[in-house]
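Engineer: what follows is a predicted protein model with its sequence.
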Amino acid sequence: MTFKKIIIPIAGCLLMLALAAGGWYFWKGTRSYSLKGLSAIAYKYDQICPFHNGLALVSENHKWGVIDSVGNEVVPCKYEILLGLSEGMAAFKKDGLFGYIDKSGEEVIAYQYDWADPFSEGLAAVRKGERYGYINTKGDIVIPFKFSSAEPFREGLAAVIYPNGKSGFINNKGEMELSYNFNRSLGFSNGLAAVQSNDEEGYYFIDKKGKRLTEMNWMDYRGTMEEFTGKYASLITLVGGCVVIDNKGNEIIPFSFRECLPICCEDVFIIKEDEGYIIKDSSNKTVCSLNYDDVGTFSDGLIEVGKKGKYGYMNKNGEEVIPLVYDACGPFSEGLAAVVKDGLYGIIDKKGESTFDYMSDETKELAEIKKKKGRVNIMSPRM
């Protein structure tokens, strides 16, 4: 059976990627929430991304905006794309070009770029034509358009590739701090960077001096680079099987199983074996077996699980804390998660209370009209 999750479009994917990298902040939003307030608006959106700093990206009729966690529409759904909520700015797309809005939704950097990344460490990579450069939050060009590829700044460095194939990591002045031969790297996380070199298949890790962590090459289970979000990284080896390593390259859990989902916390991992899912700790001991058809990933202390087409949540001990009553569900963030029920979006908290519980008669009537227009999109990201 296939695990169903709420669709995460390109904006949401980039948002989650940058969150994994760290350093994501938007204008100050409230951290409190109101399911009653959200019940009046959540049902009308076609997609809802996770909340961060009290705000969430939403789409309506293929346009993007921002809501807060008490039910206010901070930015109307009028943009083709919104990329992230970062350092008081959000990249938007309009008329085929990218610019930036501020916390009030005002367009403070004109849409003039062919691509615009979210801000990170005060700078954002933008592209004009075939070349990337970096701008600051005022829109000033800080590093000229001279790269064929440019990643966000992380831990003071950014991975770049020049048109002649030269690659490495630059500082915020555009100076090369570490020259290294790669064809892809997302940059540093906890002092290590996953790189794929030009002459090798797969990925390995280096430190900020260019020293290679181990001699082994890996890919993670999605076929892209895994990062150290804490003490560990879970990866698929090129010879088959999954392995969990620490930041010294030591194998914490050897590759003797089919799949290892992204790490739940510092010491708990979800493992997929031929006979089903289990939870292991950092000493390679089995915590419990899971009686579910599908298992998602840990976020904010809970994990999405599914059985016979219905979905809910469990904790890291394998205890079901929110019943499997939803048609699709998304990750928890800041105590809230987006779910789909009977073709409508809703939002739930960790107690299992939802916006569906607070809908007024008028809202229910509007929801019925929405449902008749067709179901919201859900997707199945993996088998």
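Structural biologist: Cool, got the structure.
Engineer: tell me the pLDDT of residue 160.
Structural biologist: pLDDT, residue 160: 98.
Engineer: touching, residue 367 and residue 42? I think so.
Structural biologist: No - between residue 367 and residue 42 no contact is recorded; they are 9.7 Å apart, counting by Cβ atoms under 8 Å. Placement of C-beta: from N, CA and C, glycine included.
Engineer: so for the two, which sits in the more crowded spot?
Structural biologist: More crowded of residue 367 and residue 42, by other Cβ atoms under 10 Å: residue 42, with 27 against 21.
Engineer: that one against residue 341, yeah?
Structural biologist: No - checked against Cβ under 8 Å, the pair residue 42 and residue 341 is beyond contact range at 11.0 Å.
Engineer: where exactly do the helices run in the stretch 251-383 of the chain?
Structural biologist: Using DSSP state H, counting those that start in this stretch, the helices found in the stretch 251-383 of the chain span residues 361-372.
Engineer: which residue packs closest to residue 124, ignoring adjacent ones?
Structural biologist: Ranked by Cβ to Cβ, 6 or more residues apart in numbering and with sequence neighbours excluded, the top spatial neighbour of residue 124 is residue 117, at 5.2 Å.
Engineer: okay, now the one you found: neighbour count?
Structural biologist: 24.
Engineer: and it, what is it in contact with?
Structural biologist: Neighbouring residues of residue 117 by Cβ atoms under 8 Å, 6 or more residues apart in numbering: 14, 83, 91, 124-126, 152.
Engineer: farthest-separated two in the residues you listed?
Structural biologist: The most widely separated members of these, counting by Cβ to Cβ, are 14 and 126 (14.0 Å).
Engineer: distance check, residue 86 against residue 128.
Structural biologist: 21 Å (Cβ to Cβ, to the nearest Å).
Engineer: so between the two, which is more surrounded?
Structural biologist: Counting neighbours by other Cβ under 10 Å for residue 86 and for residue 128 shows that residue 86 has the greater number, 25 against 14.
Engineer: just give the nearest non-adjacent residue to the more buried one, would you?
Structural biologist: residue 118 (4.0 Å).
Engineer: and that neighbour, how far from residue 126?
Structural biologist: Residue 118 is 11 Å from residue 126, where distance means Cβ to Cβ.
Engineer: again with residue 215
Structural biologist: Applying Cβ to Cβ, the value for residue 215 to residue 126 is 37 Å.
Engineer: so the two - more neighbours on which side?
Structural biologist: residue 126 (25 against 7).
Engineer: contacts only, for the more buried one.
Structural biologist: Contact partners of residue 126, counting by Cβ under 8 Å, 6+ apart, are 98, 113, 115-117, 132-135.
Engineer: tell me which of these is nearest to residue 332?
Structural biologist: Distances from residue 332 to these, taken as Cβ to Cβ, are shortest for residue 117 (25.9 Å).
Engineer: now the closest one. Its backbone dihedrals?
Structural biologist: Backbone geometry at residue 117, expressed as degrees, to the nearest 10, gives phi -80, psi 160.
Engineer: read off the pLDDT value for it.
Structural biologist: Reading off the model, residue 117 has pLDDT 95.
Engineer: residue 51 now?
Structural biologist: At residue 51, the predicted lDDT confidence score is 89.
Engineer: pull the contacting residues for it.
Structural biologist: 33, 69, 333-334, 336.
Engineer: show me where the stretch 1-150 of the chain has its helices.
Structural biologist: 10-21, 35-39.
Engineer: for the stretch 251-383 of the chain, what spans make up the strands?
Structural biologist: If DSSP state E, counting those that start in this stretch is used as the criterion, the strands of the stretch 251-383 of the chain fall at 251-253, 259-260, 268-273, 276-281, 286-290, 294-299, 302-307, 310-314, 320-326, 328-329, 336-341, 344-349, 378-379.
Engineer: tell me the most buried of these?
Structural biologist: Across the strands of the stretch 251-383 of the chain, the average number of neighbours (mean count of other Cβ atoms under 10 Å) peaks for strand 328-329, which reaches a mean of 27.
Engineer: low pLDDT regions in this structure?
Structural biologist: Segments of the chain classed as low confidence (criterion: pLDDT under 70) are 1-31, 220-227, 229-230, 234, 236-240, 256-266, 374-383.
Engineer: against residue 347, how distant is the closest residue to residue 59 other than its chain neighbours?
Structural biologist: Spatial nearest neighbour of residue 59, excluding adjacent residues (Cβ to Cβ, 6+ apart): residue 47 at 4.4 Å. Taken as Cβ to Cβ, the spacing of residue 47 relative to residue 347 amounts to 13 Å.
Engineer: swap in residue 118?
Structural biologist: Here the criterion is Cβ to Cβ. By it, residue 118 lies 23 Å from residue 347.
Engineer: which residues does residue 172 contact?
Structural biologist: The neighbours of residue 172, taking Cβ under 8 Å, 6+ apart as the test, are 121-123, 134, 142-143, 153, 156, 158.
Engineer: may I see the PyMOL selection of the buried members of these?
Structural biologist: Selection of the buried residues among the contacts of residue 172 in PyMOL, burial being defined by 16 or more other Cβ atoms under 10 Å:
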select buried, resi 121+123+134+143+153+158
